[in-house]
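Asker: mind folding the following:
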Amino acid sequence: MSIPYRHRRTLKRVGTLLAALLLVFTVTWLCWVIWLQRYVVYTDDGAQLNFEMSSHDIVGEVATPPEAAKNISIYYNEGDDAIDIGNDMKQLNGYYIDSDMLQKDMTGVLVRVEQLSAGTPILIDMKDPYGILPMPKYDESQKTYLTNAWDQFSVFGVPLTLSDADKDVTGIIFEALCAESYKTVFPAYYDQALKSRYSAEPATAEIIDIIMAGRKLEFTFQFGENLSALPYMFRQMLGKNSTDVASTFKKQQKALNKVVQRLIDVYMEG
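Answerer: All right, here's what the predicted structure looks like:
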């Protein structure tokens, strides 16, 4: 069935008219939406239309991104600052080491690290592979590698006024906490972190086992603060560019002997 030419022409005109009307409606709708945006007000309840208040009439300051600072200071709130925040806060110090520093002046880096005070954070930015080694043996007669345990660890304490009836219960609680730490914290840190996540190669995990097997608790490190900081004597001398080992120790020897004797008496008295 063929449509007469006159009818086809009429349909074409009607289609063109409808397309034009649709285009005009779309443009008008878009303009309407854009115009309405000035009356959109955002509140805690969401976005609302308020023809009595335009967003262009709101007094305020346009938020802009802050300028990027080249140097950012990091601060910590500790001790007196944690109580009285009106005091000036102390800047957190640290030492940054990258691959270029290690390649150009390894000795200089080691010297500066030795001069850092205890607890100073060190950030190492390395892209090269690395490994872990135990402390070297003193001589050929030493059969195994020995590694000294550092003096930073957690300890429990109980008051002298603790009654005899509570001593057993306190001991049981401490033992239970230690046992639970051994079952949960130790595997997470030793097996998952040290031997897996932080080990660049399988040999590193084996070295960690060797280090742990040769752990030793050295007397002066466990009581270093009471012994006039004797374990840190060489580090302090290095910071002062001093080589007077004998005279430095002699100045402390008399006081050290008294402190050692007091510690022995405490343990002997039980």
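Asker: where's Arg235 relative to Ser242, distance?
Answerer: 11 Å (CB to CB, to the nearest Å). C-beta: built from backbone N, CA, C; applies to glycine.
Asker: of the two, who's got more company?
Answerer: Using other CB atoms under 10 Å as the criterion, Arg235 and Ser242 rank with Arg235 on top: 15 against 12.
Asker: show me the strands in the stretch 51-200 of the chain, by range?
Answerer: Remark: strands assigned in the stretch 51-200 of the chain by DSSP state E, counting those that start in this stretch are 75-76, 90-91, 95-98, 122-125, 147-148.
Asker: those strands into a markdown table, with extra columns for mean pLDDT?
Answerer: Listed next are these as a markdown table, based on pLDDT from 0 to 100:
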| stretch | mean pLDDT |
| --- | --- |
| strand 75-76 | 48 |
| strand 90-91 | 50 |
| strand 95-98 | 79 |
| strand 122-125 | 77 |
| strand 147-148 | 86 |
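Asker: tell me which of those strands lies nearest to Thr10.
Answerer: Thr10 sits nearest to strand 122-125 of all the strands of the stretch 51-200 of the chain, at 78.4 Å, using CB to CB.
Asker: ok, Leu238 - how many residues close by?
Answerer: 13.
Asker: just checking, it is part of a helix?
Answerer: Yes: judged by DSSP: H, G, I helix; E, B strand; the rest coil, Leu238 forms part of a helix.
Asker: run through the residues that contact it.
Answerer: 111, 114-115 (CB atoms under 8 Å, 6 or more residues apart in numbering).
Asker: from Ala229, how far out is it?
Answerer: Using CB to CB, Leu238 is found at 14 Å from Ala229.
Asker: and for Thr120?
Answerer: According to CB to CB, Thr120 and Ala229 sit 16 Å apart.
Asker: low-confidence stretches in the stretch 1-150 of the chain?
Answerer: The stretch 1-150 of the chain contains residues with pLDDT under 70 at 1-3, 5, 36, 38-93, 126, 128.
Asker: so what's Ala176 up against?
Answerer: Listed by CB under 8 Å, 6+ apart, Ala176 has no contact partners.
Asker: the nearest residue to Gln115 once chain neighbours are set aside: neighbouring residues, count only.
Answerer: Closest residue to Gln115 apart from its sequence neighbours, by CB to CB, 6 or more residues apart in numbering: Gly239 at 4.5 Å. Number of residues near Gly239 (other CB under 10 Å) recorded here: 15.
Asker: most surrounded residue in the contacts of Leu238?
Answerer: Tallying neighbours with other CB under 10 Å puts Gln115 at the head of the contacts of Leu238, with 15 neighbours.
Asker: right, and that residue touches Phe234 too?
Answerer: No: contact between Gln115 and Phe234 fails when scored by CB atoms under 8 Å: they sit 11.1 Å apart.
Asker: on that earlier part again, quickly list what's touching both of Arg235 and Ser242.
Answerer: What both Arg235 and Ser242 touch, as defined by CB under 8 Å, 6+ apart, is an empty set.
Asker: what's the pLDDT at the residue nearest to Gln115?
Answerer: Predicted confidence (pLDDT) at Gly239: the value is 80.
Asker: Lys216: neighbour count?
Answerer: By other CB under 10 Å, the residues close to Lys216 number 10.
Asker: meant to ask about Gly224
Answerer: A count of nearby residues for Gly224, using other CB under 10 Å, gives 18.
Asker: tell me the domain ranges of this structure?
Answerer: 5-57, 91-128 (automatic domain parsing).
Asker: just the helices from the stretch 1-150 of the chain, written as ranges.
Answerer: 5-36, 80-83, 99-104, 106-115 (DSSP state H, counting those that start in this stretch).
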